[in-house]
Structure formats: structure tokens, C-alpha cells
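In: Based on what follows, work out the 3D shape:
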Amino acid sequence: MFPTPHTSIKNMQKVLGWLLIGLLCPTTLGGCLSSSLVYANTAFQLGAERSELYLPLLANKRVGVIVNPTSVLNPGTRASQHLVDYLVAQGVDVQLVFAPEHGFRGDKGAGEVIADDIDPATQLPIVSLYGQTKRPTQQMLNAIDVLVFDIQDVGVRFYTYISTMHYAMEAAAQHGVEFIVLDRPNPNGQFVAGPVLEPAYRSFLGVHPIPIVHGLTVGELAHMIVGENWLETDKPLNLHVIPMRHYDKTMAYSLPIAPSPNLPTDQAIQWYASLCLFEPTHISVGRGTAYPFQLIGHPNLSFESMIRSAVTIETFTPVSMPSSAPHPKWQDTPIEVVRVAALKPQLSGFDVELLVKVFAAANQQGIELVTSSDFFDKLAGTSTLRLALLTGRSQQEIEAQWQDALRAYKTRRQPYLLYPLH
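Out: Model (predicted):
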């Protein structure tokens, strides 16, 4: 997870800071980075930990919060505290808790409908934003003056927390409610890769014309949404972004709390963007096993042509896991699997090579992979990727298709960057 050290004193200090963190911090996702520790003699802070910047904005106001289990101050330490509990303890008038995909407590599987509820710890009402409605209604917003968004993202366009943020921002603007984003690191923040969403493929899986791996924090994206006039309302949004302190996009950040049930490790988070394109196919990515988004498998497809002789082909049987994979692909069926780390240890950002190899193997063996062209194209943000894979185009040919759009995107996002890229 650590970047290659450079010779400058500044970068050597940064590396030594990361090494100190690795020694002191208990691991949760394969090496946790606690926000209470120190990077190169400077105290890193999450947006949620900079209470002096946002508590004054909440004083004497009715507050709604869009949160989930990652909405924690000082995660990975004894001082960890959920934002809702912290706000209540500070006397903030919290009226509503809004729950995104996977729920307020994070115990719902991907795509599973979230129901309204009551939080047993605080007795606050929980309102679903992943059920019959995906945005706060006027009736909900009549009860609040300001919305606070504090959710850990992973920097991938189809990871739906940013779609929830967009819809909530739109509703807040329409009804004159302030909107505050408490910023958090993007664990894939150093990457910008993949096709840029085309307007015809806009959906809850992709709301913005950004690449699959966009290289923005949620705070930066919020600024871009407003600055590029992506909100479908003519009313202005009163937006406040509480930035992190002493953060840059190359900083190694191992999430201390899993952002969703099927992203339990740093590797799964790093590989999610690339492996998620197998979801609308017959290929299993490990849902229903102990290794979601860390392997690929199929009961009939041979991976022999893709792997080195030293790589082991294993057999797994996906099973129903109510909190993460209620109905996994190939449930109760033994399938041959290969660990992604064995196929490509350096998989990062959005990597097309694995897709190219799997589709080529399927084409050679006469196996049809795609189960939903519509779902695939919405994830990709275009139909060109699917068609290129089905017709056997090379990795270089495929990647060339979106380079011009990527360059234009990087220029477009520049004014909204809050953190250094070095």
C-alpha cells in the first residue's frame, strides 16, 4: 500500500510517518490508518474531526444526517465515536437519520431495499434513501434546516453513495436547506481511469460525467457538482465542505471500517472498480464466499490459458450470506476460482487487462458471459467497452477509446481539487 519513496527529505519524512502508523495501528482492513496518528509531524484530521469548523454551522438549527457505519470520528482508536452519537452529545438538534444503500448499520446486501426504522441507540427516526425514494422529499426536509453528509467513499463512479449525495444535494437546493459535506479520504484517489459516463447511460449507478475511477473525494465532487451545474434545479445550493487537514491524494489510507459488506479488505477496495464489471456476467467475483472482490470463478470456464503454472486453481461454493450476499451468483454450486492477486498482483485503478483475458477465454471456449447488456453498459457508462470485449479488441485499443475524454475530464476537475496530487 505504500508508495515508492523518493530521495527528498519531505518524502522521506512522509514514508517514515506511514511506517510509524503501520507499527502502531491495529489492523482492520489489512493495515488501518487512524486519523489520530501523525503523518510527517503534522496531525491528519478527517472533516468530521474538525468540529470547530462545522458545529457553529449547526447551532440552533434542525439537523438531518446522511450517514452509515463509516461515519465515525477517530476510527480505529479507543476514542472512536459515531457522528450521530457525537452530535447528540454536543447538543445538536438531530431530527432525522437518512440511510443509503446497505443501511444505517451497514447490514444490508448490495441492491437490497432499505426500510424506514428507529435507531435503538438514540431513538432517532431512520429514513431510507434506498427504497421507494432515493432522495429526501419535501415533507422530510420540512423538518430540518441543514443536511450533513458524512460517508466513506471508495472513489468509483458506480459506488452509489455519491449518487445518494447528488440527489440529496439537489433536494436541499430545491427546498432551501443547507448542505454540509464532512470530507474523507479517497482510497483510490491517486487514480483517474476508465471511460467517462456518456449521457445516454446516466442512472443511479452513474449520475455524473466522470470516469469510473474519478480521483475525487466526496467534498471535491460536491464542489464539482455545484460548479459544473449538474444539479437539475435552478435554485442555488448553500454548500459547505469541511476539508480534511494535512491530506494529499498519494497518502496511503487503509480504511479502518469496511465501507460496505462486500468490500472487507484493502485489496477488495482497490480491485472493486475493475472486478465490478464482471457483475453483469456469469463470472463470480467472490460474493457468498470469504473473499468478495478478491477472486473470479465459473463452474465451466477454464482459466488455464490466463495463468502461470504456479497459480493454483481452487474450488469454492458460494453460499447465502444475509448481511452481504443474500443470493450470490452460483449459490450452492461448486465453481473453479482463481485469486486475483495470483493473476495480477498490481491490479489498480480501473484495469482492463483482466476483463480482456477473461472475455477472450470465454470466446475461445464458446461460453457467453454477459447476462445483462443494459446493466453492463450502465456500469461502464458506455456500450463501447462491452462491444470491444465481445469482438476481441486488445487492451491498448480499448483504452485508447477514452483517453481524449479522460484528458478533458482532468482539466475540468482541476478547479475543484482541495488536496495536492503529489
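In: So the most centrally placed residue in the chain: helix, strand or coil?
Out: Against the mean C-alpha coordinate of the chain, by C-alpha atoms, centre = their mean, the closest residue is Val154 at 2.7 Å. Following DSSP: H, G, I helix; E, B strand; the rest coil, Val154 is assigned to coil.
In: Excluding chain neighbours, what is closest to it?
Out: Ile269 (5.3 Å; C-beta to C-beta, 6 or more residues apart in numbering). (Glycine included, C-beta is placed from N, CA and C.)
In: Wait, a strand at the one you found?
Out: No. Using three-state DSSP, the assignment for Ile269 is helix, not a strand.
In: how close does it get to Leu275?
Out: 11 Å (C-beta to C-beta, to the nearest Å).
In: Please say which of those two ends up with more neighbours.
Out: Comparing Ile269 with Leu275 by neighbour count (other C-beta atoms under 10 Å), the higher total belongs to Ile269, at 26 against 23.
In: ok, now which ones touch the more buried one?
Out: 29, 154, 187-188, 255, 259, 263 (C-beta atoms under 8 Å, 6 or more residues apart in numbering).
In: now it: how far from Pro185?
Out: 11 Å.
In: Using the three-state scheme, assign Pro75.
Out: For Pro75, the assignment made with three-state DSSP gives coil.
In: Pull out the buried residues from the helix or strand encompassing Leu385.
Out: Per DSSP states H and E: Leu385 is located in helix 384-390. The neighbour-count criterion (16 or more other C-beta atoms under 10 Å) identifies 384-386, 388-389 as the buried residues of helix 384-390.
In: just the residues you listed now: which is nearest Leu295?
Out: Closest approach to Leu295 among those (C-beta to C-beta): Leu389, at 19.9 Å.
In: Mind telling me what element the residue nearest to that closest one when sequence neighbours are not counted is part of?
Out: Spatial nearest neighbour of Leu389, chain neighbours left out: Phe359 (4.3 Å); criterion: C-beta to C-beta, 6+ apart. Assigned by DSSP H and E, Phe359 belongs to helix 353-364.
In: how much distance is there from the next helix-or-strand element following that helix to the middle of the chain?
Out: Going down the chain from helix 353-364, the next helix or strand is helix 373-380, by DSSP H and E. For helix 373-380, the separation from the chain centroid amounts to 18 Å (computed by C-alpha atoms, centre = their mean, to the nearest Å).
In: Show me what helix 373-380 is packed against.
Out: helix 384-390 (3 or more C-beta pairs under 8 Å, 6 or more residues apart in numbering; DSSP states H and E).
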